[in-house]
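1. Dropping the sequence and predicted coords here.
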Protein chains: 2
Amino acid sequence: MTALADRRRHATRSRTAARRAPARPSLPALSRSVEDYLKAVYHLSDHGGVATTKDIALKLMVAAPSVSMMLKRLSALGLVKRVPYQGAQLTREGRQAALRTIRRHRVLELYLTRHLGFAWDTVHDEAERLEHAVSDLLIDRMATALDNPRYDPHGDPIPTADGRIESADLVSLAAAPVGSELELRQVTTQDPERLRFLADHGLVPGLQLTVADRQPFGGPTTVRLRPAGTRQIVGMELAQVLQCRTRAK
Amino acid sequence: MTALADRRRHATRSRTAARRAPARPSLPALSRSVEDYLKAVYHLSDHGGVATTKDIALKLMVAAPSVSMMLKRLSALGLVKRVPYQGAQLTREGRQAALRTIRRHRVLELYLTRHLGFAWDTVHDEAERLEHAVSDLLIDRMATALDNPRYDPHGDPIPTADGRIESADLVSLAAAPVGSELELRQVTTQDPERLRFLADHGLVPGLQLTVADRQPFGGPTTVRLRPAGTRQIVGMELAQVLQCRTRAK
DNA sequence: GTTGTGGATTAGTGTCGACTAAATCTCCTG
DNA sequence: CAGGAGATTTAGTCGACACTAATCCACAAC
């Protein structure tokens, strides 16, 4: 709970004593909806925070009351902890379930690009539908065919089959100081248009670059690409989406 | 209609004048359930017959009233023609939709066996779930990667992207006269145990064989395999599942 | 402290697709 | 041609998930 229930705990007016969730062994077969909600909560409460009803509703494009209802169900299933009017976080089980779905999604994305000729700006929607239908066995076969990859086409880390995920310490290109020598690691957008633009300009994970210049007041950033040495001007919105690792000088 | 509404047409007590279905252009995005029902009707009314409520219910493992309800909906959507208490057949549109789903299923089965190391007795369930989630684009990519195959791992013909399907004129091994020289073309079971047995004994599509002997009264059939010349005894139930083409002597 | 406002929840519905129980129809048989 | 068996449909529910409208809570601002 941590960030969730520190104060105003009494606001729950001691509600019906949280039912036991029977410690599911492994695969209770979650519905598509449940998986989507768990993913949303995972992404929104990413770094120790709390997912609010509104944010979940926006992300999943449903009305707020639908979220309230579903969070109540997920809470009864033992997949989230929530404090009414405050927000929700995943339990350990909920987190495992979310990571299983995310693993499926990311392995699928990579497989579609590597083995079936999809461009990186078109795989998201396909993976979004398939992630609810594939078996873990199929995902593992795909992962094997891909040589157990660690990152998807956008640079996001792929959770392992046993539910571990790498947490990288990255900095947005928009926040990196001028002069930084960086390696582009993740591209955190799914907008096809942006992705196509980025690919066209060589801005894909693995790229080595140096921050050459930045206009003040959120203006564009100029980066120098390695090894070619060409320069590229990246607008603010795009720079925010490019997550980088600082590289040894 | 043909076989459906020849007699007892008045049994419909002139019901509310069949609503217009608005001649959908191409892809109205059918639900998983609808696709399953269409497939069931397709398979059950295969050779000009009629699919009955009971048979559909058995095949889909649902209760009969669920089938009645759904057939009414499908009829309203213009996907089946039905005569109450008699049965249902697909319309042209329904048949196209069913073939689209079947194409997806069979391409998936073949892809899973050829490219991801699945055995032919394990692909059915996986394909059954995936067929409702994959895009036509993905299926076409898989088909291309497979070099536009004509048959799935069990020998069933794969419908083309524009909805044509090969109709083969096959005879069951159980019905082939002694002395026939045959090529095994299709294996019409999805039972994993049988499939494993068949594969273990080399009884897979493409096999050349000769009917050497048959016990009377539905007893086992003995076949001689080509080119090895070894003999194999096949029980009645299995023989019925092996569909063959007669081969030039 | 009261109060206003925006976010959250409850209340009440609707749809899809399943179910059981109770009619109803078809068609075979005597 | 009357009955009856079995298949089919109707009637009434239910659960999962969505919605809108109305109410409720939290928190910041006075």
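-> That came in fine, so what should we check first? Residues are numbered from 1 along each chain as shown, chains lettered A, B, ... in the order given.
2. only C-alpha atoms for contact and neighbour calcs from this point on.
-> Fine.
3. now what about the lowest-mean-pLDDT helix or strand in chain A, what contacts it?
-> The helix or strand with the lowest mean pLDDT-type score in chain A, counting by mean pLDDT, DSSP states H and E, is strand A:221-225 (a mean of 81). Strand A:221-225 has contacts (Cα atoms under 8 Å, 6 or more residues apart in numbering or on different chains) with A:174, A:207-215, A:230-236, A:239.
4. Parallel or antiparallel, list what pairs with that strand.
-> Looking at strand A:221-225 with DSSP bridges, its partner strands are strand A:208-214 (antiparallel), strand A:231-234 (antiparallel).
5. Can I have the buried ones of the contacts of strand A:221-225 as a PyMOL selection?
-> To isolate the buried ones among the contacts of strand A:221-225 in PyMOL, judged by 16 or more other Cα atoms under 10 Å in any protein chain shown, type:
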select buried, chain A and resi 174+208+209+210+211+212+214+232+234+235+236+239
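6. now the strands paired with strand A:221-225 as CSV including mean pLDDT?
-> Below are the strands paired with strand A:221-225 laid out as CSV (pLDDT from 0 to 100):
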stretch, mean pLDDT
strand A:208-214, 86
strand A:231-234, 85
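7. Compare those strands and give me the one nearest A:Ala76.
-> The closest of the strands paired with strand A:221-225 to A:Ala76 is strand A:231-234. By Cα to Cα, the value is 46.4 Å.
8. Now do the buried residues in the lengthiest helix in chain A.
-> Using DSSP state H, we find that the single longest helix of chain A is helix A:92-116. Using 16+ other Cα under 10 Å as the test for burial, helix A:92-116 gives A:93-113, A:116.
9. Ok, stretch A:152-172 next?
-> A:152-160, A:170-172.
10. which one of those sits closest to DNA strand C?
-> When these are compared for distance to DNA strand C (Cα to the nearest atom of the strand), A:Ser172 wins out at 26.2 Å.
11. For that closest one, which residues are in contact?
-> A:239-244.
12. let's go with 10 Å and repeat that
-> The neighbours of A:Ser172, taking Cα atoms under 10 Å, 6 or more residues apart in numbering or on different chains as the test, are A:184-188, A:238-245.
13. how about those, which pair is most distant?
-> Among these, A:Leu238 and A:Arg245 lie farthest apart (Cα to Cα), at 16.5 Å.
14. among the buried residues of helix A:92-116, which are in reach of chain B?
-> Among the buried residues of helix A:92-116, the ones lying close to chain B by the criterion of Cα under 10 Å from any Cα of the partner chain are A:112, A:116.
15. Mind picking the two most distant members of the buried residues of stretch A:152-172?
-> Going by Cα to Cα, the pair spanning those furthest: A:Thr160 and A:Ser172, at 25.1 Å.
16. The residue nearest the centre of chain A is in what secondary structure piece?
-> In chain A, the centroid-proximal residue (Cα atoms, centre = their mean) is A:His43; its distance is 5.3 Å. In this assignment (DSSP states H and E), A:His43 forms part of helix A:32-44.
17. what angle do that helix and helix A:92-116 make?
-> 100 degrees (axes from the mean of the first three to the mean of the last three Cα atoms, to 10 degrees).
18. okay, helix A:32-44 in PDB with CA atoms only?
-> Output in PDB follows, covering the C-alpha atoms of helix A:32-44 (Å, rounded to 0.1, in the frame of the first residue of the first chain):
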ATOM      1  CA  ARG A  32      -9.400  -9.700 -22.000                       C
ATOM      2  CA  SER A  33     -10.800  -6.800 -20.100                       C
ATOM      3  CA  VAL A  34      -9.100  -7.800 -16.900                       C
ATOM      4  CA  GLU A  35      -5.800  -8.100 -18.600                       C
ATOM      5  CA  ASP A  36      -6.300  -4.600 -20.200                       C
ATOM      6  CA  TYR A  37      -7.100  -3.000 -16.800                       C
ATOM      7  CA  LEU A  38      -4.100  -4.700 -15.100                       C
ATOM      8  CA  LYS A  39      -1.800  -3.400 -17.900                       C
ATOM      9  CA  ALA A  40      -3.200   0.100 -17.500                       C
ATOM     10  CA  VAL A  41      -2.700   0.100 -13.700                       C
ATOM     11  CA  TYR A  42       0.800  -1.300 -14.200                       C
ATOM     12  CA  HIS A  43       1.800   1.500 -16.600                       C
ATOM     13  CA  LEU A  44       0.100   4.200 -14.600                       C
END
